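# Here is my input, please return the structure:
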Amino acid sequence: DIKVTIPEGSTLKTIAAIFSEKGLISEEDFFSSMQIDKFKEKYSFLKDFPPNATLEGFLFPDTYFLPPGKNPEFYIDILLKRFEDIYFKQVDSAVKQNKIELSLYQVVTLASIVEAEAKVDSERPIISAVFHNRLKKGMPLQSCATVAYALGEHKEELSLDDLEVDSPYNTYKVNHLPPGPIGAPGLSSMLAVANPAEVDYLYFVAKGDGTHIFSRTYSEHRKAQSIIESKK
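Numbers count the residues shown, from 1 in each chain. Below is the predicted model:
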């Protein structure tokens with residue numbers, strides 16, 4: 001068997017490249033086998049997905065030991081099965097218990113954004129809470145990670161032009177969740193969405209060391225930004 005590690009936050013594009021590098025399947029074959037309809041009979045949760053949904057976010061990030069020489073559906077099925085096991089054994093009950101008013105698809109979508117924004121485990125539930133609070137108030141999520149996904153490239157800093165990109169994934173322009181996940185969230189990010197911290201923060205800004213300053217008001221947020229800028 002070949003050891004294959006899918007990092008948390010991986011996109012389908014990244015996962016395809018990993019499988020190709022390991023010599024298991026080509027990227028082209030991986031994508032040609034990615035249709036949801038091929039897996040709906042086995043995985044009932046896929047039947048509730050939006051019409052244009054893909055498997056982005058649902059091939060669970062983990063370390064696998066996979067036999068070579070199999071067809072693409074074989075490998076996709078293993079990652080989907082892992083997602084199903086993790087979600088329904090460890091996440092679904094918390095979503096219901098905490099009355100999180102999001103579908104499975106929306107939980108994973110929001111968790112993928114938390115995954116991309118959080119660098120420190122202890123901050124995941126707080127970042128989740130910021131996004132939950134914004135959604136409840138009808139505010140845009142304003143996640144740079146979703147803009148980067150829309151652009152198709154990772155940037156250390158986004159320009160003002162980047163923030164104007166015309167895409168349903170530009171959460172600076174839309175005041176709801178993007179159409180789908182921006183990567184594959186790990187268990188901790190999904191649990192953070194199911195168990196958001198009890199805080200009333202609406203803003204956060206990166207300090208540059210992986211942690212963030214959280215604020216309740218825009219004026220507090222601007223002060224936090226000024227403090228960080230002054231230290232650069």
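# count of neighbours near the closest residue to residue 65 other than its chain neighbours?
Closest residue in space to residue 65, ignoring its immediate chain neighbours: residue 1 at 4.0 Å, by C-beta to C-beta, 6 or more residues apart in numbering. Glycine gets a C-beta too; all of them are placed from N, C-alpha and C. Using other C-beta atoms under 10 Å, residue 1 is surrounded by 8 other residues.
# Do a quick rundown of the helices in the chain.
Secondary structure of the chain (DSSP state H): helices located at 12-21, 27-32, 72-86, 92-97, 104-117, 124-137, 144-151, 187-194, 218-230.
# Average pLDDT for the third one, rounded please.
pLDDT averaged over helix 72-86 equals 97, rounded to a whole number.
# Ok, the last one next?
On average, the pLDDT along helix 218-230 is 90.
# what about dumping the CA coordinates of that helix to CSV?
Taking C-alpha atoms only, helix 218-230 is exported to CSV below (Å, rounded to 0.1, in the frame of the first residue of the first chain):
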residue,chain,number,x,y,z
TYR,A,218,-15.7,48.3,13.9
SER,A,219,-13.9,51.1,15.8
GLU,A,220,-12.3,48.5,18.1
HIS,A,221,-11.3,46.6,14.9
ARG,A,222,-9.7,49.7,13.4
LYS,A,223,-7.7,50.2,16.5
ALA,A,224,-6.5,46.6,16.4
GLN,A,225,-5.5,47.0,12.8
SER,A,226,-3.6,50.2,13.7
ILE,A,227,-1.7,48.4,16.5
ILE,A,228,-0.6,45.6,14.2
GLU,A,229,0.3,48.0,11.4
SER,A,230,2.5,50.0,13.8
